[in-house]
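*Asks:* Any chance you could fold what I've pasted below:
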Amino acid sequence: MIQAPETIRTNKTRVACDGSGDIPAALGHPRVFLEIDDKGYADCGYCDRRFVLIGGPADVVPDQSSEQNAATA
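*Replies:* Numbering: from 1, shown residues only. Below is the predicted model:
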């Protein structure tokens, strides 16, 4: 699976995306509203941002202990 360009964790199931963030909103895309369903995430069709529901099935936080073990091996 290809990683999304940006992942935003949220506690709301309905989110809005206009492509802005570090850039002015006028340089983004039209505002769209996305609904996070039982997959636990929604992808923006314009900018490919992924919105992940905190605590949902797609909310995977890397385990720091496994990263540390890999670094010492």
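
*Asks:* all helices for the protein, in order.
*Replies:* Using DSSP state H, the helices of the chain run over 64-72.

*Asks:* for it, what are the low-confidence residue spans?
*Replies:* In the prediction, the chain carries residues with pLDDT under 70 at positions 1-4, 23-26, 62-73.

*Asks:* try it again with 50
*Replies:* Confidence mapping of the chain against pLDDT under 50 gives the ranges 64-73.

*Asks:* Show me where it has its strands.
*Replies:* Assigned strands in the chain, in chain order: 7-10, 14-17, 32-35, 41-43, 50-53 (criterion: DSSP state E).

*Asks:* closest one to residue 60 among these?
*Replies:* Residue 60 lies closest, by C-beta to C-beta, to one member of those: strand 50-53, at 8.4 Å. C-beta coordinates here come from the backbone N, C-alpha and C atoms, glycine included.

*Asks:* who touches stretch 32-41?
*Replies:* 10, 12-18, 42-46, 50-53, 56-59 (C-beta atoms under 8 Å, 6 or more residues apart in numbering).

*Asks:* And stretch 16-23, what's buried?
*Replies:* Residues of stretch 16-23 classed as buried: 17, 18, 19 (neighbour count, 16 or more other C-beta atoms under 10 Å).

*Asks:* From the residues you listed, pick the one nearest residue 28.
*Replies:* Set against residue 28, the nearest of those by C-beta to C-beta is residue 19 (2.9 Å).

*Asks:* Could you check how far the closest one is from residue 61?
*Replies:* Distance check for residue 19 against residue 61: by C-beta to C-beta, to the nearest Å, it reads 25 Å.

*Asks:* repeat for residue 47
*Replies:* Computed as C-beta to C-beta, the residue 47 to residue 61 distance reads 23 Å.

*Asks:* So if I had to pick from the two, which one is more boxed in?
*Replies:* Using other C-beta atoms under 10 Å, the more surrounded residue of residue 47 and residue 61 is residue 47, with 17 against 7.
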